[in-house]
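1. Based on what follows, work out the 3D shape:
(2 chains)
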Amino acid sequence: MTTPERDARTTPERDVLLRVRDLRTYFSDHRGVVARLTRRRVGQVQAVDGVSFDVVRGETLGLVGESGSGKSTLARTILGLTPATAGSAALDGRELLSLRGRQWRPVRRRMQMIFQDPHSSLSPRFRVSFLLQEPYVVHRVPAAERSTVDELLAMVGLSDEQADKYPHELSGGQARRVSIARALALHPELLLADEPTAGLDVSAAASVLNLMKDLARRLGLTYVLITHDLNVVGYFADRIAVMYVGQLVELGPAEVILSRPKHPYTHALLACAPVPDPHLNQGHLDNVLGGEIPSPHDPPSGCRFHPRCPFADARCSDEVPELEELGGGEAVACHHWRHIEFDDAAPVAQGQAT
Amino acid sequence: MTAPPVSAESAVTAPLLRIEDLEVVYYTDAGPLPALSDVSFEVGRGEIVGVVGESGCGKSTLGAALLRLLPPNGALAGGHVFVEGRDVAGLSRGELRSLRGRTVSMVFQDPLTSLNPTFTIGQQMIAAQRAHARDHESKSELRRRAAEALTRVGIPDAAQRIDSHPHEFSGGMRQRVMIAIALLHEPSLLIADEITSALDVTLEAQILKLLAEINETHGTAILLISHNLGVIAEICRRVVVMYAGRTVEEGDVLSIFDDPLHPYTRALLAAVPSRERRGALLAAIPGRVPSLLAMPPGCKFADRCGHVREVCREREPGFLARGERRVRCFIYDEELAPADRPVTTAGTVTP
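-> Okay, here's the model as predicted:
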């Protein structure tokens, strides 16, 4: 694991808004009633296991990985919605993980989350107008500092007619806009957006991405964009962090990660992403990454990707690779990245099916 | 079970699936809703055809209508579905049962709602075979065949895993189980309705690869229904684009993606985010798919179309042939005076 000093050297003069260091979120795993009653500790799920990164003010950091890689848990831990086991996360220099109860309130005004499923994060019993004002009530914001419902709706491109609707009367794209408006109500600096385009049609997804881009420019927002859709991060993110079973395996500027990935997992993800161009798909499926992401309950030894990695050798199953800083803001956790040549005609050999 | 009477000739010469002017209506308290109208296309033997469009455009209704699996308030209001030359609407219950599973099988998006959580995979696969039981096959024979089917779709240790319950499988493996069940009777056509939508890119690619392999080795034709243009581009040879319950464009996959004719197809392709489009705003399609309750009289895409002309709002364009392709747009209607025709952006289409 990298030390804070080492990371700090790569980003000395930049304006770091969020700094995460060696963050760990473990869930204890009491399986079944008997185990629970006897308090026999069966094991731990290491959902986030030693993650370090910075988010610079004004940028979009894309966090990608398969489901089960710990992306959402990481975001929830940063926001204090899931207790951290160890490590540190600081917003503008202020440590978050030691905050308790009411101390969170001023901090949460500065960072908000857009949850994955708007229909389950917007209470079905309240109208849009109430949902948009609720953050002000919770945070006891004085009337003078509040934006009106119409202002918030206008900000996300909805008409004021939507104010009287209930969430179930909204389309997927509209509901997503309402949750964005709700997150913006408190004028946050940092938005953690969890799969903001999941479940949306192509056109609705495009307009939500356009909206997020526009808001970033107008309000100077910083995003952590969590998604499994590489087309979305490719379009949107300035930097990309790739997660696999609770750990970062690669981090760097988007152009570098997308065009010259160093970690075999990143390469495999890119190779799998469906591209709407039938010319690019000749032989594409011959190189699909095999197997499935292992359970964080019992992660593989050494490099967690080794059972699926076509380049793995004995060292990979024994020794945990460190996230190595390569300069230029790049970092990769792989023993062999220097020697791996991805053949783009046959990008990734097939991993063993599990 | 004896095969329903079909003349040998028609079964050989007729396309595997032929849909003609299909119309489906849902009867609701608000009145009859035209979910599909004027849907026509064919699927040949061994072909992979993609059906693409936004939600609410009738993709899933189409899949259900092909096997007469519409909900009770839905009905075939016009047109025909021919499978191997026989009209599905005229089949008896017995014939229909033989059609489903034996000739045409379907896999849905969510395997957990299709699989019974209280039975093992093996029990469900044996039951699926009993529904079409030939003669008196022993249980062990059915079980052996089920295990074979699981192996074929890439489930390791199938002989052991067959005694597991659905919840013991991961999402990707469950979808493989569904495909194995659908393939038990080696159908000629597999309808796959958004089967990778809930999966990660890696598992999605694995499932698409499996479909391509099944198509290759068994010659199974596949009707792949998806909202994802990337998925469609991956394995389909021909593509049908749907909008508001209509087929609006049909053609081979390369020409659909390289030279889309219908303004809707172009708009769909332009809205996909990609690294090449970094820094630019995406071309989202303005407006929404019209509600089935308030369909505009003319072209259903008119309100969102950048090329709209008077004629588009007055009447609906037909599904016009253009060589090997078909498109439902007045731009290509040569019976209209050029001055009345909507104009396409220069350079993209040559008449």
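2. Direction included, what does the helix or strand where A:R19 lies pair up with?
-> Applying DSSP states H and E as the criterion places A:R19 in strand A:16-28. Using DSSP bridges, strand A:16-28 pairs in its sheet with strand A:44-56 (antiparallel), strand A:86-91 (antiparallel).
3. can I get those in TSV with mean pLDDT and mean neighbour count?
-> Bear in mind the C-beta positions are built from the backbone N, C-alpha and C, glycine included. Output for the strands paired with strand A:16-28, formatted as TSV (pLDDT from 0 to 100; neighbours: other CB atoms under 10 Å in any protein chain shown):
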stretch	mean pLDDT	mean neighbour count
strand A:44-56	92	22
strand A:86-91	95	18
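4. out of the ones you listed, which comes closest to A:P118?
-> strand A:44-56 (23.6 Å; CB to CB).
5. After that closest one, which helix or strand is next?
-> The C-terminal neighbour of strand A:44-56 among helices and strands, as given by DSSP H and E, is strand A:60-64.
6. Enumerate the residues of the stretch 1-150 of chain B near chain A.
-> Neighbours of chain A within the stretch 1-150 of chain B, by CB under 8 Å from any CB of the partner chain: B:54-55.
7. where does the stretch 1-150 of chain B have low pLDDT?
-> Confidence mapping of the stretch 1-150 of chain B against pLDDT under 70 gives the ranges B:1-12, B:133-135.
8. Could I get the buried residue list for the longest helix along chain A?
-> If you go by DSSP state H, chain A has its longest helix at helix A:202-219. Residues of helix A:202-219 classed as buried by neighbour count (16 or more other CB atoms under 10 Å in any protein chain shown): A:202-213, A:215-216.
9. excluding its backbone neighbours, what's nearest the single nearest residue of chain A relative to chain B?
-> Chain B sits closest to A:P274 of chain A, with a gap of 2.9 Å, by CB to the nearest CB. Nearest residue to A:P274, sequence neighbours excluded (CB to CB, 6 or more residues apart in numbering or on different chains): B:G230, at 2.9 Å.
10. if I read this right, the one you found contacts A:D229, doesn't it?
-> No - in this structure B:G230 lies outside contact range of A:D229 using CB atoms under 8 Å: 9.7 Å.
11. Name the helix or strand for the residue of the stretch 201-350 of chain B found nearest chain A, please.
-> Proximity of the stretch 201-350 of chain B to chain A (CB to the nearest CB) peaks at B:G230, 2.9 Å away. Assigned by DSSP H and E, B:G230 falls within helix B:229-235.
12. Which elements pack onto that helix?
-> strand B:48-52, helix B:201-218, strand B:221-226, helix B:253-258 (3 or more CB pairs under 8 Å, 6 or more residues apart in numbering or on different chains; DSSP states H and E).
13. can you put these in TSV and add mean neighbour count?
-> Below are the helices and strands packed on helix B:229-235 laid out as TSV (neighbours: other CB atoms under 10 Å in any protein chain shown):
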stretch	mean neighbour count
strand B:48-52	26
helix B:201-218	20
strand B:221-226	24
helix B:253-258	19
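14. which intervals of the stretch 201-350 of chain A have sub-threshold pLDDT?
-> Looking at the stretch 201-350 of chain A by pLDDT under 70, you get A:281-283, A:343-350.
15. And the residue of the stretch 1-150 of chain B closest to chain A?
-> For the stretch 1-150 of chain B, CB to the nearest CB, closest residue to chain A: B:E54, 4.1 Å.
16. ok, the nearest residue to that residue once chain neighbours are set aside - contacts?
-> For B:E54, ignoring the flanking residues on the chain, the nearest one in space by CB to CB, 6+ apart is A:D201 at 4.1 Å. Residues near A:D201 by CB atoms under 8 Å, 6 or more residues apart in numbering or on different chains: A:172-173, B:54-55, B:227.
17. coming back round to it: contacting residues for the residue nearest to A:P274?
-> Contacts for B:G230 (CB under 8 Å, 6+ apart) come out as A:231, A:273-276, B:272.
18. Who are the contact partners of the residue nearest the centre of chain A?
-> What sits nearest the mean C-alpha location of chain A, by CA atoms, centre = their mean, is A:I226, with 3.0 Å. Counting by CB under 8 Å, 6+ apart, A:I226 makes contact with A:63-64, A:71-72, A:75, A:192-195.
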